[in-house]
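*Asks:* Predicted model, plus sequence, below.
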Amino acid sequence: MTKYIYMDNAATTPVKKEVFDEMLPFFSEQYGNPSSVYSLANASKMAVEKARERVAIAIGADKKEIFFTAGGSESDNWAIKGIAYSQKKKGNHIITTKIEHHGILHTCQYLEKQGFEVTYLDVDEDGIVDLEQLRASIKDTTILISIMFANNEIGTIQPIKEIGKIAKENDVLFHTDAVQAMGHVKIDVNDLNIDLLSMSAHKIYGPKGVGALYIRRGVKIDPLISGGAQERNKRAGTENVPGIVGLGKAVEIAYENMEDSNKKLINLRDSLIKKIEDNIDYIRLNGHRTERLPGNVNFSFEFIEGESLLLSLDMVGIAASSGSACTSGSLDPSHVLLSIGLPHEIAHGSLRLSLGDFNTEDEIDYVVDKLVTIVDRLRQMSPLYDR
Amino acid sequence: MTKYIYMDNAATTPVKKEVFDEMLPFFSEQYGNPSSVYSLANASKMAVEKARERVAIAIGADKKEIFFTAGGSESDNWAIKGIAYSQKKKGNHIITTKIEHHGILHTCQYLEKQGFEVTYLDVDEDGIVDLEQLRASIKDTTILISIMFANNEIGTIQPIKEIGKIAKENDVLFHTDAVQAMGHVKIDVNDLNIDLLSMSAHKIYGPKGVGALYIRRGVKIDPLISGGAQERNKRAGTENVPGIVGLGKAVEIAYENMEDSNKKLINLRDSLIKKIEDNIDYIRLNGHRTERLPGNVNFSFEFIEGESLLLSLDMVGIAASSGSACTSGSLDPSHVLLSIGLPHEIAHGSLRLSLGDFNTEDEIDYVVDKLVTIVDRLRQMSPLYDR
Amino acid sequence: MMYSDKVMDHFTNPRNVGEIIDADGIGEVGNAKCGDIMRMYLKIEDGIIEDVKFKTFGCGSAIASSSMATELIKGKTIDEAMRLTNKAVADALDGLPPVKMHCSVLAEQAIKSALLDYSKKHNIHIEGLEDINFDDDHHHDIEE
Amino acid sequence: MMYSDKVMDHFTNPRNVGEIIDADGIGEVGNAKCGDIMRMYLKIEDGIIEDVKFKTFGCGSAIASSSMATELIKGKTIDEAMRLTNKAVADALDGLPPVKMHCSVLAEQAIKSALLDYSKKHNIHIEGLEDINFDDDHHHDIEE
Ligand SMILES: Cc1ncc(COP(=O)(O)O)c(C=O)c1O
Ligand SMILES: Cc1ncc(COP(=O)(O)O)c(C=O)c1O
Ligand code: FES
Ligand code: FES
């Protein structure tokens, strides 16, 4: 095996050279603590503020509305718990969906144990949330609606503008987990009526362990991490300066290149979908065919199980995923695939190929070629195939 | 000004070359998500586990007891809130001290608003906690004692072994914020009866934005960040692989070099203290003279104010701090200095010079020389000096 | 998940995949809902397992465990096959990750299930089969 | 905290530091507990501020504000000095960080306090001094 084909860009991405180059000075040279008063600290402070501005510009926010965190999961936890605890006098009801990332789902389940009430909205067979059910679920005690912008497993993009409108009409705060959408979808938090938005650097060619939460000015939120006065007193901890710089640069690149990158990714994606559909039977494309992230391909292959598919692909130099990377330690079938109505045994045989800026059409052909052989081999071994 | 003298190592430190070299491959080459099954992810996974082992060895823990976080503040918040919420059926009382880092203090104050009861122990004029008061404060509802290992402002090291003993005798969990002690004090969590311990990489020549919490096996704790199954289901979020690798290496180096490094630092420290005491009057050394971090020097200079001292030092190329770097945004006098009994106006005139592995005796001389001039100049300007 | 070379070898080149048309005993355990089904075919002559084949729907370690288990009982007596534990299967594979131990349990159970089928069809009593409970709801998430 | 070059200049080379032994008016504001005390000495002749000196215990921006304020009123009439606002001091320094605006307030107040002293000692009425409240408990943490 000579080449290695990485098709798991929704799990994480390499740090792009331009991003790393901007981070580099802040490890060992410009290492000042941004909270300090001396001149060594100015470079760090200015770098953090520049990153804040880049992130703000990308989503149409003000830089004072951007708060840096340690990643998507912290942003999600902060948004949900922070709003829940700060608004609990107003009400204890939160609305979310059945297909959220675990960063949201497990946090909501945790809050249920603390006395909060959570409604988990259904989605249709394409993964689109039911807007009527959303409207019907809102009550006097509803303090927050949290609906992800785009799903990490099946790539479905939600009708965020309509959701924002519903939230606004009902005077309920609206949080969206945009970890997967960032860099692929135009986002204007004002136009879309978004009050809080989570993002993570490592999904868009930035470093792992850094993210941000957009919090609309005026929204009251409890801190998740209290302590020092960093981040306008809302998120304590010495700033991860190189990480924050990396996030800022990654966001800037992603939004500058978005149109070109999306066009390329959509071409690759649709070609990969077509070639798989043309060459393998007993399969099902998961997620919406058009309201879909440019890089997401997700298929179920009947009669076989995901992990053995992944291992086989890995042996021919292809990195892919079966559902969310975060859940591959567990063996339960993906809650997302079950929510769009897949039977358990079919959910078990799902494969996500997520494309990124470094993939090529040649790689698509190689992957399809290998996939045909592997799927056939595993099916030959399967007691379900001959039934 | 040709050289720049960095004497704020308690605020943050540069990433050492050996540390950075180990981190480097994990940004853009070995970028796999440790949760993934394919071979690209193995390097990340193994690197994370190696770091976990290094950290565990340094404090006499098992690697399954080490959980990576985004830094000291997250570790502190997690320890306090996580124990509080998970043990709240057992009791609602927490004991800590008046001189903790804000990561602990503000978290305790937050919990007070949520119905928890907190006792803030006094310290004596050297900053040592009152063990009798500790004993007397423990009651049936006490679920946690959190006392910092060594203070970030005045360097005082607490009698942790006795505290651990008291906690154990009374069957109360014991957390210590060891962010400043790591790498300077021998720590064996079993010998010292420590149940939870916070650390942060950037204080010991590792990267900013990564830390760890030691949690003794069997201790029940709620997650602060829930979501994916990372960190044995206790702390969600795609692992900050380069950061974690950096923490592991930094801890390893710190413990390998501890004796030599401490010896050198203590020499420098005591020389700096002596030279300041010999050359400037109306001063006071803050913190315990011997039970003190090897790199910490903290003086109050009467009649002058800290920030103008810092600015003046910065102009001659010396980086220092007035109290905690995290609080320099605020202008209240340091809660630590007030707790050891300094009057407000004297607390305002305090200076922390924290030494690190890169400081030299020449620098000490330069600093003392400049300090003499600056203190005199500011005193000449001060309406308090002539009274 | 990090598999040993042995596991990867048996996953990549599984021994004894297939069916035996005129099998003397067929056993199937697992549950498609859980993502794993293992089916074992035995050819038995004079109390000796002359041939064995398997078909498995499952993860890499399930496939490797099936393969290893068939190797371990081929040519052995029924008694010896009865004494094959999941631990022996896992050990022969140079170990399995903790979350994957249950896959080896499936392999042990598939053999016993096939032997039970054989004992019923041929009306032969096999010591130790009485009190076996083929647990479909094996837990996937026990770690240690 | 990032100070303008002007602030740093006035901090490093403060103008008019010192005392005036036979001052016509002396004003002191601030509070050592808060870490800031500003004392202003005025020499006034024919309603003109002929000389002004200050002594300040405080942060860099307090020292710079004192220095700038003395420059702004030196040679001016009492009326002009009375019209000096903290904003004018801050603007003359090319701005102050939000947390540091109150240092310029101290400078404004120190001048008014010295003028009050002058007006009392010399029994002269100065328009606008009646209702000034020298607030010791200025807040350090108002950000915007
Ligand atoms: C004693 C102590 N605890 C906690 C912290 C917080 O650590 P971090 O800045 O990594 O969040 C610090 C440093 O700022 C500290 O000195
Ligand atoms: C939709 C979504 N939300 C949240 C996260 C969590 O982000 P992180 O791994 O940076 O904590 C991820 C990725 O893992 C994601 O895909
Ligand atoms: S068959 Fe269930 S995980 Fe291996
Ligand atoms: S004098 Fe109070 S901060 Fe400037």
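*Replies:* Received, thanks. Ligands and ions are numbered 1, 2, ... in the order given.
*Asks:* So is the longest helix along chain C next to chain B?
*Replies:* Criterion DSSP state H: the longest helix present in chain C is helix C:101-121. No: using Cβ under 8 Å from any Cβ of the partner chain, we find that helix C:101-121 stays clear of chain B, coming within 14.4 Å at best. In this view, the C-beta of every residue, glycine as well, is placed from N, C-alpha and C.
*Asks:* How far off centre is that helix?
*Replies:* 6 Å (Cα atoms, centre = their mean, to the nearest Å).
*Asks:* can you give me the strands in the stretch 251-387 of chain A?
*Replies:* For the stretch 251-387 of chain A, strands defined by DSSP state E, counting those that start in this stretch occupy the ranges A:283-285, A:296-301, A:318-319, A:350-354.
*Asks:* Out of those strands, which one sits most buried?
*Replies:* Comparing the strands of the stretch 251-387 of chain A by mean neighbour count (mean count of other Cβ atoms under 10 Å in any protein chain shown), strand A:350-354 comes out on top with a mean of 27.
*Asks:* which other helices and strands contact it?
*Replies:* Contacts defined by 3 or more Cβ pairs under 8 Å, 6 or more residues apart in numbering or on different chains; DSSP states H and E place strand A:350-354 against strand A:296-301, helix A:306-315.
*Asks:* one step back: make CSV out of the strands of the stretch 251-387 of chain A and add mean pLDDT.
*Replies:* CSV is the format used below for the strands of the stretch 251-387 of chain A (pLDDT from 0 to 100):
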stretch, mean pLDDT
strand A:283-285, 97
strand A:296-301, 97
strand A:318-319, 96
strand A:350-354, 96
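*Asks:* With A:Asp376 as the reference, name the closest of those.
*Replies:* Nearest to A:Asp376, of all those, is strand A:296-301, at 10.2 Å by Cβ to Cβ.
*Asks:* Taking helix A:306-315 as reference, get the angle to that closest one.
*Replies:* Counting by axes from the mean of the first three to the mean of the last three Cα atoms, to 10 degrees, strand A:296-301 points 120 degrees away from the direction of helix A:306-315.
*Asks:* and strand A:296-301, how far out from the chain's middle?
*Replies:* 17 Å.
*Asks:* Direction included, what does it pair up with?
*Replies:* strand A:283-285 (antiparallel), strand A:350-354 (antiparallel) (DSSP bridges).
*Asks:* Which one, of the ones you listed, ends up nearest to ligand 2?
*Replies:* Across these, ligand 2 has its closest neighbour in strand A:350-354 (10.0 Å, Cβ to the nearest ligand atom).
*Asks:* will you turn the helices and strands packed on strand A:350-354 into TSV that also has distance to ligand 1?
*Replies:* Output for the helices and strands packed on strand A:350-354, formatted as TSV (distance: least, Cβ to the nearest ligand atom, whole Å):
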stretch	distance to ligand 1
strand A:296-301	35
helix A:306-315	36
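*Asks:* Could I get the contacting residues of the residue nearest to A:Glu49 when sequence neighbours are not counted?
*Replies:* Excluding its sequence neighbours, the residue lying closest to A:Glu49 (Cβ to Cβ, 6 or more residues apart in numbering or on different chains) is A:Lys63, at 7.2 Å. Residues in contact with A:Lys63 (Cβ atoms under 8 Å, 6 or more residues apart in numbering or on different chains) are A:49, A:52-53, A:55-56.
*Asks:* next one: A:Ala70
*Replies:* Contacts of A:Ala70 (Cβ under 8 Å, 6+ apart): A:209-211, A:240, B:69-71, B:74, B:209, B:225, B:237, B:240.
*Asks:* Take the residues you listed and keep only those in strands.
*Replies:* Among the contacts of A:Ala70, the ones falling in strands (DSSP state E) are A:211, B:69.
*Asks:* give me the element the residue in chain A that ligand 4 sits nearest to is part of.
*Replies:* Ligand 4 sits closest to A:Val37 of chain A, with a gap of 11.8 Å, by Cβ to the nearest ligand atom. A:Val37 belongs to no helix or strand when assigned by DSSP states H and E.
*Asks:* gap between it and ligand 2?
*Replies:* Counting by Cβ to the nearest ligand atom, to the nearest Å, the gap from A:Val37 to ligand 2 is 32 Å.
*Asks:* That residue contacts B:Met315, doesn't it?
*Replies:* No: contact criterion Cβ atoms under 8 Å: A:Val37 and B:Met315 do not qualify, at 11.4 Å.
*Asks:* between these two, who's got more neighbours?
*Replies:* A:Val37 (26 against 16; other Cβ atoms under 10 Å in any protein chain shown).
*Asks:* Need the per-residue pLDDT for that one.
*Replies:* As predicted, A:Val37 sits at a pLDDT of 85.
*Asks:* do the same with the one 10 residues further on
*Replies:* The score at A:Ala47 is 98. That number is its pLDDT.
*Asks:* burial of it, as a residue count?
*Replies:* The burial count for A:Ala47: 23, using other Cβ under 10 Å.
*Asks:* Now do the shared contacts for A:Val37 and B:Met315.
*Replies:* Counting by Cβ under 8 Å, 6+ apart, nothing touches both A:Val37 and B:Met315.
*Asks:* pLDDT below threshold where in chain C?
*Replies:* Scanning chain C for pLDDT under 70 picks out C:1, C:131, C:133-144.
*Asks:* Okay, helices next: where are they in the chain?
*Replies:* Reading this off chain A. With DSSP H, the ranges of helices along chain A come out as A:17-23, A:25-28, A:39-58, A:72-86, A:102-113, A:131-137, A:160-169, A:230-233, A:241-256, A:258-279, A:306-315, A:335-339, A:344-347, A:361-381.
*Asks:* try chain C instead
*Replies:* Counting by DSSP H, the helices of chain C are C:5-12, C:60-73, C:78-82, C:86-92, C:101-121.
*Asks:* Between these, which shows the greatest average number of neighbours?
*Replies:* Each of the helices of chain C was scored by mean neighbour count; the highest is helix C:60-73, a mean of 27, by mean count of other Cβ under 10 Å.
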